[in-house]
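Novice: quick one, structure for this:
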Amino acid sequence: MNNNFKNQYLLVLDLLRLEHLRQLNTLNLIASENFVSKPILQAIGSSVVNKYAEGYPSKRYYAGCENIDAVEKEAIGRAKDLFQAEHVNVQPHSGTNANLAVYLAAIRPGDKVLAMKLNHGGHLSHGSKMGMAGMIYKFVFYGVNDETGYIDYSELEKIAIQEKPQIILVGASAYPRVIDFERIAFICKKVNAKFWVDMAHIAGLVASGMHISPIPYADFITSTTHKTLRGPRGGLILCKKEYGQKVDSSVFPGVQGGPLMNMIAGKAICFGEAMCKEFRDYQKKVLENAQALACQFALERFEMQTNGTDTHLILLNIGRYRHDASKAEEELSKIRIVVNRNLMPNQKRMGIRLGSAAISTQGFGVIESAFISHLIGQALMHKRDISLYSRVLKLIDRRLLSVEFDELSSFLI
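Specialist: So this is what the prediction gives:
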């Protein structure tokens, strides 16, 4: 190895170490992030990454795929068992790729889709004009009630009857409440539309039985594997058996080439982990911590969309204290609390989206979660307390040392 290449190699390694240390030494409240297990890290960094495997098990376009076939079959079988799904495709590289494949499988260019407004919690891949789907299909939108912040199902039904979409897409990037899948399935039947659920944010809760499953109601279900499901970065499609062949051909060769087999190996491990009792216990903690965060924010007199949460996610209105969510995000980062700014329904200014999945993996409980809300509140209320940084570090250090938190009263002095 020549010195020039060695220096380049060491530079990248140093950057990776810095990122690892950053993750260890921050409180991660980004709702779409989590931490994978060591077995998943080993799988996605394994020699499987070297293999090309276009096609599907036993139907590849390359030789030498016998072990790869076994890995993908295992991932498919585990996902079927975990979600009780009729058909599964584990190849999508991302949630957006999974969504693009469902568009291709379920409807035709120019067809009408009823989806959630982006500024009411919807995702960019659900009809944004900046995205591919928004350029190919015609979108009409439903949203949340102006007063309650909950999905307005009456408005949704009214729009569906009026617009007669070919498919209704539900699921959100920033909506904190349980969605009534049964009611929307009834609306779909009423207007003869296919029903599609994007459960990217709630997949782990669904897998553990902590959230209503869309499986009995939806024709198509898409998800990521890296949020509450706590797996590697990637996508997933579940669907009724009748749509299986069309979904598979829409993934490959429709929107992708060769699958990322190292990620599929990681997904297989993730699905196996999600079948364990420990995973259910973890998801219970995710919900408990989200409630603790929300309750403390209410005590700190912050407004939240719907005044709380049913899931891992909270959408915080900071307009009472801050006019610039971007600067608020930056200031929280300075004290090692990471969040992300997000659009708020019917608000000119952005708010902050938070989630409890990652801090639950980091080992925090309800007392620490409430204290984290308190720290965020102090930082957002322009209280330039130099002790905030040290108090966050103290919280992180205690977690790193695996110290049990019987009480946190001393932190509040």
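
Novice: only C-alpha atoms for contact and neighbour calcs from this point on.
Specialist: Noted.

Novice: tell me where the model's unsure across this protein.
Specialist: Applying pLDDT under 70 to the chain flags residues 1, 383-384, 398-413.

Novice: try 50
Specialist: Scanning the chain with the threshold set as pLDDT under 50 gives 401-413.

Novice: domain ranges for it?
Specialist: As given by automatic domain parsing, the domain ranges for the chain are 23-33+277-412, 52-274.

Novice: so what's the gap between the last one and the chain middle?
Specialist: Shown here is domain 52-274, whose average C-alpha point lies 12 Å from the average C-alpha point of the whole chain (C-alpha atoms, centre = their mean, to the nearest Å).

Novice: what do you get for stretch 349-361?
Specialist: On C-alpha atoms, centre = their mean, the centre of stretch 349-361 falls 11 Å from that of its chain.

Novice: what do you get for stretch 303-317?
Specialist: Worked out by C-alpha atoms, centre = their mean, stretch 303-317 lies 16 Å from the chain centre.

Novice: quick one, strands of the stretch 201-350 of the chain?
Specialist: 220-224, 235-239, 303-304, 313-317, 337-338, 340-342 (DSSP state E, counting those that start in this stretch).

Novice: which one is residue 204 nearest to, not counting chain neighbours?
Specialist: residue 229 (3.9 Å; C-alpha to C-alpha, 6 or more residues apart in numbering).

Novice: quick one: the one you found from residue 348, how far?
Specialist: 33 Å (C-alpha to C-alpha, to the nearest Å).

Novice: run through the residues that contact residue 211.
Specialist: 178, 202, 205 (C-alpha atoms under 8 Å, 6 or more residues apart in numbering).

Novice: highest neighbour count among the residues you listed?
Specialist: Among the contacts of residue 211, the one with the most neighbours (other C-alpha atoms under 10 Å) is residue 202, at 27 neighbours.

Novice: correct me if wrong: it contacts residue 287.
Specialist: No - in this structure residue 202 lies outside contact range of residue 287 using C-alpha atoms under 8 Å: 11.0 Å.

Novice: which residues are common contacts for the two?
Specialist: Common neighbours of residue 202 and residue 287 (C-alpha under 8 Å, 6+ apart) are 311, 312.

Novice: one step back: I'd like the strands of the stretch 201-350 of the chain as JSON lines, with distance to residue 172 appended.
Specialist: Listed next are the strands of the stretch 201-350 of the chain as JSON lines, based on distance: least, C-alpha to C-alpha, whole Å:
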{"stretch": "strand 220-224", "distance to residue 172": "11"}
{"stretch": "strand 235-239", "distance to residue 172": "15"}
{"stretch": "strand 303-304", "distance to residue 172": "16"}
{"stretch": "strand 313-317", "distance to residue 172": "11"}
{"stretch": "strand 337-338", "distance to residue 172": "21"}
{"stretch": "strand 340-342", "distance to residue 172": "12"}
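
Novice: make a markdown table out of those and add distance to residue 192 and mean neighbour count.
Specialist: Shown next, in a markdown table, are the strands of the stretch 201-350 of the chain (distance: least, C-alpha to C-alpha, whole Å; neighbours: other C-alpha atoms under 10 Å):
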| stretch | distance to residue 192 | mean neighbour count |
| --- | --- | --- |
| strand 220-224 | 15 | 27 |
| strand 235-239 | 18 | 26 |
| strand 303-304 | 36 | 20 |
| strand 313-317 | 32 | 27 |
| strand 337-338 | 43 | 20 |
| strand 340-342 | 34 | 21 |
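
Novice: wait, which of those is closest to residue 76?
Specialist: Residue 76 lies closest to strand 235-239 among the strands of the stretch 201-350 of the chain, at 9.8 Å (C-alpha to C-alpha).

Novice: sheet partners, orientation included, of the closest one?
Specialist: Using DSSP bridges, the strands paired with strand 235-239 are strand 87-89 (antiparallel), strand 220-224 (antiparallel).

Novice: export those as CSV, with columns for distance to residue 340.
Specialist: Listed next are those as CSV, based on distance: least, C-alpha to C-alpha, whole Å:
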stretch, distance to residue 340
strand 87-89, 30
strand 220-224, 18
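
Novice: tell me which of these lies nearest to residue 50.
Specialist: Per C-alpha to C-alpha, nearest to residue 50 of the strands paired with strand 235-239: strand 87-89, 21.2 Å.

Novice: and the contacts of the closest one?
Specialist: Applying C-alpha under 8 Å, 6+ apart, the contact partners of strand 87-89 are 76, 79, 80, 236, 237, 238, 239, 240, 241, 244, 247, 248.

Novice: try it again with 7 Å
Specialist: With C-alpha atoms under 7 Å, 6 or more residues apart in numbering as the test, strand 87-89 has contacts from 76, 79, 80, 236, 237, 238, 239, 240, 241, 244, 248.
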